[in-house]
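build the 3D model from these lines:
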Amino acid sequence: MPVKIRLQRHGKKGKPYYWIIAADARSKRDGKYLEKLGAYNPNTNPATIELDVDGAVKWLQNGAQPTDTARAILSYKGAMLKNHLAGGIRKGALTEEQAEAKFMAWVEEKASKIDSKKDILAKAEADAKAKALEAEKAANEARIAAAIPVEEVVEEETAKKIIVEEVTAEEAQTEEVAKETPAEKVEASKEEEE
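Numbers count the residues shown, from 1 in each chain. From the prediction side, this is the model:
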């Protein structure tokens, strides 16, 4: 029975989440599997990988063939290196202690690279937030600057209302004059003539 180490998809549409499994090569992608070796979440940055390295090495030594993606994940987590070092131990080229020391040195180096990448990503995110804050401050200042002329326009409109009120008051006075009886008008005009 040929065994493959491959990914089994889980999660929802647009948000994949994978299990790393050892399964019969003839089984369906999401079907029966022999052993779950870990999980892979590509939605995070950097991607989250949980892997049972010793279990993966056991399956590799028993002849399981990883798919291309699974091989990249196993290599990233050090399972391929550990399998290679185990082959050196079987051949007598290395002792267990030397192989373990090499593997631990590699793991520490890999962890430092991952930490530096996380630091770079955190710094980039902080810079993006700072730029967004500056842009928002500039937009607020522009809005405030645009609001000042609006206040001047309001003052002009108030002045226009006062003028309109004065004009309506004058019109009201002329209407009162127009309402005077014709006799009063004749008397007022006689008084003006004298």
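
for the rest of this, base every contact and every neighbour count on C-alpha atoms.
Fine.

domain boundaries for this protein, per the record?
3-91, 95-179 (automatic domain parsing).

pLDDT (mean, whole number) over the host helix or strand of residue 5?
Element membership for residue 5 (DSSP states H and E) is strand 3-12. The predicted model assigns strand 3-12 a mean pLDDT of 93.

other SSEs contacting it?
Under the contact criterion of 3 or more CA pairs under 8 Å, 6 or more residues apart in numbering; DSSP states H and E, strand 3-12 touches strand 15-24, strand 65-66, helix 68-77.

show me what the shortest one is packed up against.
With contacts defined as 3+ CA pairs under 8 Å, 6+ apart, the secondary structure elements packing on strand 65-66 are strand 3-12.

ok, residues contacting the strand it packs on?
Contact partners of strand 3-12, identified using CA atoms under 8 Å, 6 or more residues apart in numbering, comprise 16-25, 29-30, 63-67, 69-70.

would you mind measuring from residue 137 to residue 144?
Taking CA to CA, to the nearest Å as the measure, residue 137 falls 10 Å from residue 144.

what's the distance between the spatially most central residue of the chain and residue 35?
Closest residue to the average C-alpha location of the chain: residue 125 at 9.3 Å, with CA atoms, centre = their mean. Distance from residue 125 to residue 35, counting by CA to CA: 38 Å.

for residue 16, same thing?
To residue 35, residue 16 is 20 Å away according to CA to CA.

and what of residue 47?
When CA to CA is the yardstick, residue 47 and residue 35 sit 22 Å from each other.

of those two, who's got more company?
When neighbours are counted by other CA atoms under 10 Å, residue 35 comes out ahead of the other of residue 47 and residue 35, with 14 against 9.

phi, psi for the more buried one please.
Main-chain torsions, residue 35, degrees, to the nearest 10: phi -150, psi 140.

now residue 29
The phi/psi pair for residue 29 (degrees, to the nearest 10) reads phi -60, psi -50.

which regions of this protein sit below the pLDDT cut-off?
Applying pLDDT under 70 to the chain flags residues 1, 148-156, 159, 167, 172, 174-194.

now the helices for it?
For the chain, the helices defined by DSSP state H cover 53-61, 68-77, 79-91, 96-179, 182-193.

that older thread, most tightly surrounded among the domains of the chain?
Highest mean neighbour count among the domains of the chain (mean count of other CA atoms under 10 Å): domain 3-91, with a mean of 16.

distance between that domain and the chain's centre?
Between the centre of domain 3-91 and the centre of its chain there are 29 Å (CA atoms, centre = their mean, to the nearest Å).

now do it: distance from first to last residue.
25 Å.

what of stretch 71-83?
The straight-line separation of the ends of stretch 71-83 (CA to CA) is 12 Å.

what does that stretch contact?
Here stretch 71-83 has contacts from 49, 51, 53-54, 56-57, 60-61, 103, 107, using CA under 8 Å, 6+ apart.

who does the residue lying closest to residue 16 once chain neighbours are set aside bridge with?
In this structure, residue 16 finds its nearest non-sequential neighbour in residue 10, 6.1 Å apart by CA to CA, 6 or more residues apart in numbering. Applying DSSP bridges to residue 10 gives these bridge partners: residue 17.
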